[in-house]
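Got a predicted model here, sequence first, then my questions.
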Protein chains: 2
Amino acid sequence: MAPHPFSTLSVEETRRARDVVLAAHPSAVVDFREIFLQEPAKEEVKRFLDLEHSARLSPTSPRPPRLAKCQYDVIGSDRTPEYHESVIDVDSKRRVKHEVIGKEFQAGLTLWEFETLVKVCKASSMFQAAIAEFKLPEGFEVVIEPWPYGGLDLGSENRRYFQGLCFAQDLRSNNPDANFYAYPLPLIPVMDAHKKEIVRIDKLATGGKGDGLTEKTHSERIIDHCQNSDYVPELLEDGTRKDFKPINITQPEGPSFKVTNESLVEWQKWRFRVSFNPREGAVIHDVHYDGRSILYRLSISEMTVPYADPRPPFHRKQAFDFGDGGAGNCANNLSLGCDCLGVIKYFDGVVVGSDGEPRNHPNVICLHEQDNGIGWKHTNWRTGRAVVTRYRELVVQFIITLANYEYVFAYKFDLAGGITIEVRATGIVSVVNIDPGKTSDYGNVVSGGVLAQNHQHIFCARIDPAVDGHNNTVLHEESHTMPWDKDTNPNGNFYEVRKTVVHRSAGLDAAPQHNRTFKVINPNKTNPVSGRPVGYKFVPPPTQKLLASPGSIQSQRALFADHHVWVTKYKDDELYAGGRFTLQSQLEIDGVADAAKRNDSVTNEDVVLWSVFGLTHNPRVEDWPVMPVDIFQINLRPVDFFTANPSIDVPSNKNLSSQLVPSSTCCSEQGKL
Amino acid sequence: MAPHPFSTLSVEETRRARDVVLAAHPSAVVDFREIFLQEPAKEEVKRFLDLEHSARLSPTSPRPPRLAKCQYDVIGSDRTPEYHESVIDVDSKRRVKHEVIGKEFQAGLTLWEFETLVKVCKASSMFQAAIAEFKLPEGFEVVIEPWPYGGLDLGSENRRYFQGLCFAQDLRSNNPDANFYAYPLPLIPVMDAHKKEIVRIDKLATGGKGDGLTEKTHSERIIDHCQNSDYVPELLEDGTRKDFKPINITQPEGPSFKVTNESLVEWQKWRFRVSFNPREGAVIHDVHYDGRSILYRLSISEMTVPYADPRPPFHRKQAFDFGDGGAGNCANNLSLGCDCLGVIKYFDGVVVGSDGEPRNHPNVICLHEQDNGIGWKHTNWRTGRAVVTRYRELVVQFIITLANYEYVFAYKFDLAGGITIEVRATGIVSVVNIDPGKTSDYGNVVSGGVLAQNHQHIFCARIDPAVDGHNNTVLHEESHTMPWDKDTNPNGNFYEVRKTVVHRSAGLDAAPQHNRTFKVINPNKTNPVSGRPVGYKFVPPPTQKLLASPGSIQSQRALFADHHVWVTKYKDDELYAGGRFTLQSQLEIDGVADAAKRNDSVTNEDVVLWSVFGLTHNPRVEDWPVMPVDIFQINLRPVDFFTANPSIDVPSNKNLSSQLVPSSTCCSEQGKL
């Protein structure tokens, strides 16, 4: 059977694409970066989906081509890599598109470039000399943490650089998972990636309040005031707590979901497809409930993490975790009984090495059901009859590790027609060395000698709606106090609900003081009960926007972070809020801000919604050494889409496995009563 | 053993208090409203807790007296009830305080007054005549839903009134749980509670857009355009869904918590007490983590639900669900396997009848542990080693039913030192009749002839902190963009964290655009790692404040709803944000606004924080007939209180009961790869 147009590119398809690329460059060395599914043009997919949804699909039905996007460096005789992108039709084995990317853009990074940085540092006498200025205690070794190089100086040549944050690891325990972030070293080597050499070593300020931006009174015993800060259980001084008893989640009758044809998920009237790609991680496609279309596509589009420490070169700490290195590339291989409980279905991805050879990336997405408390309840107080149902969710989850930090992303579908996009931030905060006894305005001291710098995490979810069809309109609704008026508001209790249609593509903001709620409606379809257009709604979380000064490189690179909501007209391949190329960018180009600038008409059109949210993270000591999850959610909810609560038919059966607490653990003296 | 000062008053203690009250009024009829624990003065409790916490408590240690607050009507020879409040020392059987409440205040209502309204309506010829104007279909009966009477006309005598919302119930199915809210009748009888007679029948407007405020073109077939809207499973036309398989939550080694001495809960380094009273429901006392004090008391203080339909008398629809009728009085008796899953401990309450006779109110609070996904995770990408722990919560939950509506309140304690206050709104939205085919600016048509009116729910949580002691300071912290400056901000990436101490008691607001975060710190104690004062923080949800016009009765009655955060100086008995008497109030008196007006110094003092949050609820069709839960949370989190992530020692054991999805339900064609 032919793969579905949304299915992740298989290992075999990937290999076929690689072979076509190699054949196109017979006399050059080709270093592959990524090969992944190039989704077909929406118009083609729509024709296919129409047949699929109406059960008219046959083996002879026309199908959109299976296309692979191939990203690779071509290294010619002058040994300078040139970055190319091709689209390969994997069935006809033809190259259908080919682009040589200009030097003003940098391709996303790969793990092999990170490995190169570590090798080049080790071989660099400049780096070794810089390290030798410090006396590390016996048993400590230097660890280099490769980072993208943000904030290229204006006017300088846009060569490809990487920077390395440096730490020392206490290996006296012979444990390779000893937490080296507890021992930050105040230097950053900068590598020219094409020359493969260290071009500069930035010495870092280590001062505190009042020391100015350049204080670098480094003692050679630079980490003597730091301490072990371990998180692996075998290195915890007092071990793990002993009184934590298991909670088991079992599904004796099996899960309520079904996964067929690799990507099709069906659960409780929901039907959607899951795919995986190296940039966005898990992507949700073609979401239907009870046979009605809701979304065409749902993804996390981008995120940026700018650091606020003004001391150069810390302004270069600004990651774009989707565009720079690829969230999918950084996805964890999840494991049973750890990352989620219950009955779990895993999905695999496919990644390529620099030779383009694909391999399976196992368990990069997990799918499971979970209980989230009460779903709805009503008690008739006259009869005492209570009807109570559970809030069951189906969770599509993936987790990424970006050096020190992790994010848990989840798309959650519920019984009441709701979709929740959830992000949990965890992992280890990014830290630098601070002199003994000092504190700082640029962050918080979370361990001896360890300054966790203030920073932000700003995410952008891309929501491509198809509410009962592809032509939708976005509006926002606000509630406003109305003046007293003897004819219209005689008791002053009236508030007015005001609707504002978004006519032209634009960036818009949250307004919680007015309860501003965004709705995507289908203006061509009316709810038969309320007489209002069918729709879905969400309240944009009014989280703080990017704080870097307007015009600063941090700000210019992440124009998407300047509004909470963007509304644009759909355009094929316009997926990335921060632009196609974010690595070392100086300005967001062809991101969502540029898309909005087209000033397209967006009423009764194929629209896309972009939701920007995040956190200003001024670390606390409790975030160390691994921070407890901080949780963010966007809730998409039906609004006059259905003709009643769609979960009204959820059974209210008593769960028979629940138990009263045994009297041995609870010596409640109720006998007294 | 003597009961702990925070323990809920027992049946025996309650009966003793009743007897003292009866003896004090030998020649009058006494109708009891409530008898519950009068918490002792904080200074006395502090002395007791000091002994308790330092394990110096002995059977001969002085203990604060066990006091009962008794609320009752005294009906003398003129048959007009006079409302009294007494405080009874239940051990010495003495009345230690006695107050006759002035006629300008109304006591909270009781269920027996609701029953009276129904009886009086049935006996009222005025009411019967009004009902007779309508022709109800065969098999329908009138249902009267008693409500408090809000918004007394200014200048009118403050007599005690109740109003009844009227519906018709389709009893052709012989099911007493048929949903009568689907058949609203457009009239409201108003009862004088002392005279026990219907003094007026308000005829309700049933018009739509453009009809003005008084359109009352009632046809006698007033509910012929309404339809059944049932939620009890046996009345659902298509029954309940059949493919919903159970999720079982089991704890084979038992729970990780312990409950002793009736009220003391210990779990994962947490230690606190739970009590229950008829006004606030579950209250949390004396919260410690690992032997360190965090809170003295935590409760939901008040909530108000004003309706925005400007057509008189709908401005009288404004409930104060804690002050008017008592959240504890309305608490559901929870049942195993329905309201929570796993291993459950229930707590009982005590309520009194009008004769003051106490009885057990069983299972009004439930306590259980639950899994909430990932707690923290880090993967060392060099070694591939992932350490991942679960986010386990201990949940203290109670659920209240207020006529049509329900709220699920939960206090959740987590492994990382966090406390979450959660509210879930569910139940049936309040509705009125609307003419066939019309729509309205005052709400949404959610079923034939049924208009769900726009309204707000505004909650106030009262947080009495004791962060490492009772003397605390509140401040808020904001993050601000800083101008470019070659000396202090050369790359424009710096943002400044600004702290503002709250010096005087006041009402303050959320400011999400500045990431405004409130901190309660102990200025006398410094975190040894960061050098900053120890504290707890929360970000006030920037939800919309009360919308009713300033000066309107709705607004005057709920001054607490005009700020997101209040900071006051602790005062014994100052527990209720909306004031002691809310029923039929015209102005919030002695509520949190008055407390703030004292302009007390609140730095390094015994302070109280009040967090106001809620939702503007413009109903959608999906909220009918029972709305899916809408969830709100306040997150209290340690900030430099601990010296590291307190959950770092949570074991990362693999859960052994989790399973791969069986291949029979998932025909993933991975064989192809």
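Here it is on my side, so go on. Numbers count the residues shown, from 1 in each chain, chains lettered A, B, ... in the order given.

alpha carbons only for contacts and neighbour counts from here, please
Fine.

residue ranges with poor pLDDT in the stretch 551-673 of chain A?
Applying pLDDT under 70 to the stretch 551-673 of chain A flags the ranges A:663-673.

A:L9 and chain B, how far apart?
For A:L9, the distance to chain B (C-alpha to the nearest C-alpha, to the nearest Å) stands at 10 Å.

what pairs with the nearest residue to that residue once chain neighbours are set aside across the strands?
Closest residue to A:L9 apart from its sequence neighbours, by C-alpha to C-alpha, 6 or more residues apart in numbering or on different chains: A:L37 at 5.3 Å. The partner list for A:L37 in beta bridges (DSSP bridges) reads A:A68.

Check whether the residue nearest the centre of chain A sits in a helix, strand or coil.
Residue closest to the average C-alpha location in chain A (C-alpha atoms, centre = their mean): A:I300, at 5.0 Å. Of the three states, A:I300 takes strand under DSSP: H, G, I helix; E, B strand; the rest coil.

Tell me which residues touch it, please.
Residues near A:I300 by C-alpha atoms under 8 Å, 6 or more residues apart in numbering or on different chains: A:E280, A:V283, A:F459, A:C460, A:A461, A:R462.

isn't A:G373 right next to A:E393, touching?
No. At 10.1 Å, A:G373 and A:E393 do not qualify as touching, with contact defined as C-alpha atoms under 8 Å.

Those two: which is more packed in?
Counting neighbours by other C-alpha atoms under 10 Å in any protein chain shown for A:G373 and for A:E393 shows that A:E393 has the greater number, 22 against 18.

right, and the helix or strand after the helix or strand hosting the more buried one?
Per DSSP states H and E: A:E393 is located in strand A:385-402. The helix or strand immediately downstream of strand A:385-402 is strand A:405-414, counting by DSSP H and E.

for the helix or strand just after that following strand, what is the average pLDDT?
Using DSSP H and E, the helix or strand that follows strand A:405-414 in sequence is strand A:419-427. For strand A:419-427, mean pLDDT is 98.

so what does strand A:419-427 touch, helix or strand wise?
Packed against strand A:419-427, as judged by 3 or more C-alpha pairs under 8 Å, 6 or more residues apart in numbering or on different chains; DSSP states H and E, are the following elements: strand A:405-414, strand A:627-639, strand B:358-380.

Tell me which of those lies nearest to B:L152.
Closest of the helices and strands packed on strand A:419-427 to B:L152 is strand B:358-380, at 33.1 Å (criterion: C-alpha to C-alpha).

Parallel or antiparallel, list what pairs with that closest one.
In the sheet, strand B:358-380 lines up against strand B:343-352 (antiparallel), strand B:385-402 (antiparallel) (DSSP bridges).

How about residues contacting the shortest one?
The one in question is strand B:343-352. Contacts for strand B:343-352 (C-alpha under 8 Å, 6+ apart): A:658-661, A:666, B:8-11, B:32-35, B:250-251, B:254-255, B:276-278, B:329, B:336, B:358-369.

which residues does A:N599 contact?
A:R504, A:S505, A:A506 are the contacts of A:N599 under C-alpha under 8 Å, 6+ apart.

at 7 Å what do you get?
Going by C-alpha atoms under 7 Å, 6 or more residues apart in numbering or on different chains, A:N599 touches A:R504, A:S505.

do the same with A:Q453
Each residue near A:Q453 by C-alpha under 7 Å, 6+ apart is listed here: A:Y307, A:D309, A:S430, A:V431, A:Y442, A:G443, A:N444.

same thing with A:F459?
A:E302, A:M303, A:T304, A:V612, A:F613, A:G614.

Just those: which are in helices?
If you go by DSSP state H, these have nothing in helices.

For the stretch 151-300 of chain A, just list every one of the strands.
For the stretch 151-300 of chain A, the strands defined by DSSP state E, counting those that start in this stretch occupy A:161-170, A:184-185, A:187-192, A:197-203, A:248-250, A:257-260, A:264-267, A:270-277, A:281-289, A:292-306.

Please point out which parts of the longest one sit buried.
Spelled out, that is strand A:292-306. For strand A:292-306, the neighbour count (16 or more other C-alpha atoms under 10 Å in any protein chain shown) marks A:292-306 as buried.

now swap in stretch A:370-378 and tell me
Neighbour counts over stretch A:370-378 (16+ other C-alpha under 10 Å) mark A:Q370, A:D371, A:G373, A:I374, A:G375, A:W376, A:K377, A:H378 as buried.

Ok, stretch A:382-392 next?
In terms of neighbour count (16+ other C-alpha under 10 Å), stretch A:382-392 has its buried residues at A:A386, A:V387, A:V388, A:T389, A:R390, A:Y391, A:R392.

Off-centre distance for stretch A:75-83?
Taking C-alpha atoms, centre = their mean, to the nearest Å, the mean C-alpha location of stretch A:75-83 is offset from the chain mean by 33 Å.

typed the wrong thing, it's stretch A:249-269
Centroid separation between stretch A:249-269 and its chain, computed with C-alpha atoms, centre = their mean, is 25 Å.

Would you mind checking the average pLDDT for that stretch?
Averaged across stretch A:249-269, the pLDDT comes to 94.

got the end-to-end distance for it?
Taking C-alpha to C-alpha, to the nearest Å, stretch A:249-269 runs 23 Å from one end to the other.

Can you name the residues in contact with that stretch?
Counting by C-alpha under 7 Å, 6+ apart, residues outside stretch A:249-269 touching it are A:7, A:271-275, A:289-290, A:341-343, A:415, B:243-250, B:657-658, B:665-669.

Against A:H285, how distant is A:P40?
13 Å.

residues from the stretch 401-550 of chain A in reach of chain B?
A:401, A:403, A:406, A:416, A:426-427, A:444-448, A:480-484, A:488-495, A:512-515, A:529-530, A:542-544, A:547-549 (C-alpha under 7 Å from any C-alpha of the partner chain).

What remains of those if I keep only buried residues?
A:401, A:403, A:406, A:416, A:426-427, A:444-448, A:480-484, A:489-495, A:512-515, A:529-530, A:542-544, A:547-549.

on that earlier part again, which of the residues of the stretch 401-550 of chain A next to chain B fall in strands?
Among those, the members falling in strands are A:T401, A:E406, A:T426, A:G427, A:N444, A:V445, A:V446, A:S447, A:H480, A:T481, A:Y495 (criterion: DSSP state E).

which pair in these spans the largest distance?
The most widely separated members of these, counting by C-alpha to C-alpha, are A:S447 and A:Y495 (51.6 Å).

quick revisit: and the strands paired with strand B:358-380 as JSON lines, adding mean pLDDT?
Conversion of the strands paired with strand B:358-380 to JSON lines gives the following (pLDDT from 0 to 100):
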{"stretch": "strand B:343-352", "mean pLDDT": "96"}
{"stretch": "strand B:385-402", "mean pLDDT": "97"}
